[in-house]
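*Asks:* okay, sequence plus prediction incoming.
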Amino acid sequence: MALFGIILLLLLTAAVLAQIPQPAVQCSGYRATNVVQENSYLLADLVLIGNCTLHSKDVGNLRLLVEYQTDTRLHVLIEDAAREVYQIQDHVIPRPKNQNTTATDAALKFAFSQNPFSFNVTRRSTGEVLFDTSDSPLTFETQYLQLRTSLPQNPNLYGLGEHSDDFRLPTQGYTRTFWNAESPWIPNKANLYGSHPVYFEHRGNAGTHGVFMLNSNGMDIRIDKTSAGQQYLEYNAIGGVIDLYFLAGPEPAAVSAQYAEVVGMPAMMSYWTLGFHQCKYGWPNIDHVAQVIANYSAAGIPLQTVWGDIDYMNGKQDFTTDPSRYPIDKVRSLVDTLHRNNQNYIQILDPGIKRVGSYGTYARGAEKGAFLRAADGSFYRGLQWPGEVVWPDWLAPNTQDWWTSEIRTFYDPTTGVNIDGLWTDMNEASNMCPDTTCLASTTSLGNNPPPATRRRDTPPVGSKLGLPDRDLFSPSYRIANHQGALSAFTLFTNVTNADGTHQYDTHNLYGTMMASATRNALLSRSPNKRPFVLTRSTFSGIGRAAAHWFGDNASTWDHYRASIRQMLGFSAVHAVPMVGSDVCGFNGVAEEKMCARWAVMAAFQPFYRNHADVSAPDQEFYRWPLVADAARKAVEVRYKLLDYLYTGMWRASQGRPVVSPLWFFYPGDEKTWGVQTQWMLGDGLLVSPVVDDNAQTVSYYLPKDVWYDYWTGERVVSNGEVKTVEGVGWGDIPVHIRGGSIIPTRAKSANTTTELRKQNFVITIAPGMDGTAKGELYLDDGESLDVGSNKSEISFTWDGQALHVGGTFGYSTDVVVEKVVVLGVGSRKTQDGPWVVSEGFGFLL
């Protein structure tokens, strides 16, 4: 929400910006003893050699566990021997199953030195060192961890989101901070809304590997060089344990799939969610929303889903509607009309629950003990849109039942608002209290911060709930949180969750737990349908539960370009395929030409929603003739490609990215490694938008291969060249089909995704250098949680003369393939159908 963001930016001054600490002085580290090594694992005790105490107390006794979990995954865990230090709860992020691969069969090899302890991970097939800690001893303190690995010079590193920086990360003087925060205008070189401590390192034809640190505590990851010129990556965390998963690849897409296996495969999206969405904070009343819908229809721009921002609420309270501006009967009537027209409706929910006894949602939550508690045992209080609020404790035993009941009651299809999905916002959690002098509890008011901890008992050994006697507000090591102190504009970090853990440790998980609880509630409401949840705050594994948009960006060319980088990071590295930005920007004034470009570019991204702030002018696509023309063309081509995109989302639910950088397909081509303004959509389409301000010229890179212009069918053989195209219209975008691909599209577009599913198919064959091509098409009913055998997984193969169709054909449909087009030298060749989609066929040209 940008008004809040404006307040934040005014309050943020140089005095409160966190300064990046310098690398800590090295300590002596640990000595490995009592080593036990078996076929698939290794155990050892790690004993502190000498006191270090850089930022907090040393933890003297550690335990090392190394597991060869699969042929391509190695797990290295360094935890305190007593297992008191906080570790992420298994029910929040389930650990992957250990398949107990033998060390000799694994692609990765673990080796270590005993005194001082260090370790390295190598690729068994080549002996190449992928991770090496020998240059810097391990530091493991009560509130500070440090682990450093040496890297090759100028490495190709990607990931470590969420950020708005370059997709290929800088390698000198660069810090990535993990502390989920309200981040209006998505600043560069800052922590944003999510924490994903995973990186991919690409070494060209030598392979790609990934490293995931399963740790939710505040953290700085520094990428730099030593004074001697040695490249390194260094973890600096204020808690938790060292819990590393090494992913062998070696193909880039294989690393993506291996990471998804660790954090959980992404949820499959419903077909309708891939349509075009419209939202606006500041729509004054329900009649205005109806007019927006009518205006889109009159403009001939298909609109699939309408969203309700906090305008619909009574006093900005969840599970209410404003009685005068959004009366419940009118909201219900609008939703019914949308559904009759095969359109959809989604509403927003914030975590802050207004603290007033007459508000039923609060009263019922209080009765169930569903809210976080402050130091004195009363409900912890803060400020959010409704004013003084309390906050759900997603780790409390009754919170899910309370949240599900509120959602099922308010969104009852018969008596309430019959939504099709929910949007969880402000869930970092964003708190309008700037610091610890703000509201906290009934008894602690004024200028004194509450006590450092509420927990009265020392947790039992092995509980993994977090060490006692820590400074939960201001640890000695200060991460570079762009908001300043840990508790600034968020929940106080001393607040204790119901299971005995603290927000100090679980802060970065709050948004993911809210999104997961919301998904569970929607499943209870409609057990057989895929739930749709959009969340702002994220942590690793969020793709299992929700989609993500990139937060409160701005209506600028810079953020137009940033949305591409962010999409590449989330889809290709972070296993979150359903992502996108607020099209045309959220904050500020959208300019016509920029909005036209954005409308077209975003049509080739997974999540496609126009959204603006209350302080911004209306920016629906139809408000400018230039943008309206561009949007009509953009939505038309998107909808024709929607089954291609849907097939890609199905593959993404199995771990293969729907959006990838060029180097995923051309790993040995150094010119692709830094490309961040183009992307592969699925396996067959290369999208290369105009990215310069107000430009009609675009330069893009075509790797060495055969390509086909998507719009004209022209065959282009590239030797690895930069192409420049001038005079690109405001509604145009260069798109190429990669040689060797078969692209299924709908023959015609439609006003809704329901009507689109009734359209016939066209199959376009783009032969590769060897004259062959392949592709696939996935079909099901578009919404069932478990489609069983009611699905078609169709494969297309072109051998240079004949098209063969195979696979499974369990989904019954009346549509047919009405045309097959073969691209090549000279004019394209076509053969008319129809061919029945539910059976295989072959033909010669």
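*Replies:* Perfect, I can see it now. Residues are numbered from 1 along each chain as shown.
*Asks:* in stretch 696-703, what's buried?
*Replies:* By 16 or more other Cβ atoms under 10 Å, the buried positions in stretch 696-703 come out as 698-703. No exception for glycine: its C-beta is placed from N, CA and C like everyone else's.
*Asks:* mind putting those residues in a markdown table, distance to V815, secondary structure and pLDDT included?
*Replies:* Putting the buried residues of stretch 696-703 into a markdown table (distance: Cβ to Cβ, whole Å; DSSP: H, G, I helix; E, B strand; the rest coil; pLDDT from 0 to 100) gives the following:
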| residue | distance to V815 | secondary structure | pLDDT |
| --- | --- | --- | --- |
| V698 | 35 | strand | 98 |
| S699 | 39 | strand | 98 |
| Y700 | 34 | strand | 98 |
| Y701 | 37 | strand | 98 |
| L702 | 34 | strand | 98 |
| P703 | 35 | coil | 98 |
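*Asks:* tell me the one of these nearest G655?
*Replies:* Minimum distance to G655 across these is 23.8 Å, recorded for P703 (Cβ to Cβ).
*Asks:* how about the closest one: what's its closest non-neighbour residue?
*Replies:* Y666 (4.3 Å; Cβ to Cβ, 6 or more residues apart in numbering).
*Asks:* my read: the one you found touches W673, true?
*Replies:* No. With contact defined as Cβ atoms under 8 Å, Y666 does not reach W673; the gap is 9.4 Å.
*Asks:* quick one: end-to-end distance for stretch 463-470.
*Replies:* Using Cα to Cα, to the nearest Å, the end-to-end distance of stretch 463-470 comes out at 16 Å.
*Asks:* just how off-centre is it within its chain?
*Replies:* 30 Å (Cα atoms, centre = their mean, to the nearest Å).
*Asks:* name the residues of it that come out as buried.
*Replies:* 463-467, 470.
*Asks:* tell me the contacts of L568?
*Replies:* Counting by Cβ atoms under 8 Å, 6 or more residues apart in numbering, L568 touches 158, 167, 659-661, 676, 679.
*Asks:* so it, which of the three states?
*Replies:* Three-state assignment for L568 (DSSP: H, G, I helix; E, B strand; the rest coil): helix.
*Asks:* skipping adjacent residues, who's closest to G569 in space?
*Replies:* Nearest residue to G569, sequence neighbours excluded (Cβ to Cβ, 6+ apart): G161, at 4.6 Å.
*Asks:* using CSV, list the CA coordinates for stretch 368-380.
*Replies:* Extracted C-alpha coordinates of stretch 368-380, given in CSV (Å, rounded to 0.1, in the frame of the first residue of the first chain):
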residue,chain,number,x,y,z
LYS,A,368,-9.6,-19.5,20.5
GLY,A,369,-6.3,-17.9,21.5
ALA,A,370,-5.4,-17.3,17.9
PHE,A,371,-3.3,-14.2,18.3
LEU,A,372,0.3,-13.5,19.2
ARG,A,373,1.0,-12.5,22.8
ALA,A,374,3.2,-9.8,24.1
ALA,A,375,5.7,-9.9,27.0
ASP,A,376,3.0,-9.5,29.7
GLY,A,377,0.9,-12.3,28.2
SER,A,378,-1.8,-10.1,26.6
PHE,A,379,-2.4,-9.9,22.9
TYR,A,380,0.4,-8.2,21.1
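*Asks:* report the buried residues of it.
*Replies:* 368, 370-375, 379-380.
*Asks:* could you work out the most separated pair of these?
*Replies:* The span of the buried residues of stretch 368-380, defined through Cβ to Cβ, is set by K368 and A375 at 21.5 Å.
*Asks:* so among the buried residues of stretch 463-470, where is pLDDT lowest?
*Replies:* Ranked by pLDDT, these bottom out at S463 (92).
*Asks:* quick check: that one touching E84?
*Replies:* Yes. Using Cβ under 8 Å, S463 is in contact with E84, at 6.6 Å.
*Asks:* tell me where the model's unsure across the stretch 351-500 of the chain.
*Replies:* 441-459 (pLDDT under 70).
*Asks:* show me where it has its strands.
*Replies:* Here the stretch 351-500 of the chain has its strands, by DSSP state E, counting those that start in this stretch, at 353-354, 381-384, 387-390, 421-424.
*Asks:* please work out which of these is packed deepest.
*Replies:* Greatest average neighbour count among the strands of the stretch 351-500 of the chain goes to strand 421-424 (a mean of 24), per mean count of other Cβ atoms under 10 Å.
*Asks:* after that one, next one along is what?
*Replies:* Later in the chain than strand 421-424, the nearest helix or strand by DSSP states H and E is helix 503-506.
*Asks:* same question for that following helix, mean pLDDT?
*Replies:* For helix 503-506, the per-residue pLDDT averages 98.
*Asks:* who touches that helix?
*Replies:* Contacts of helix 503-506 (Cβ under 8 Å, 6+ apart): 86, 216-217, 238-240, 372, 395, 466, 470, 472, 486, 491-497, 510.
*Asks:* after it, next one along is what?
*Replies:* By DSSP H and E, the next helix or strand past helix 503-506 is helix 510-525.
*Asks:* now do that following helix: which elements does it pack against?
*Replies:* helix 399-410, strand 421-424, strand 533-535, strand 538-539 (3 or more Cβ pairs under 8 Å, 6 or more residues apart in numbering; DSSP states H and E).
*Asks:* who's in contact with the residue nearest to W391 when sequence neighbours are not counted?
*Replies:* With Cβ to Cβ, 6+ apart as the criterion, W391 has its nearest non-adjacent residue at 4.8 Å, and that residue is L372. Contacts of L372 were listed using Cβ under 8 Å, 6+ apart, and they are 379-380, 390-393, 491, 495-497, 503.
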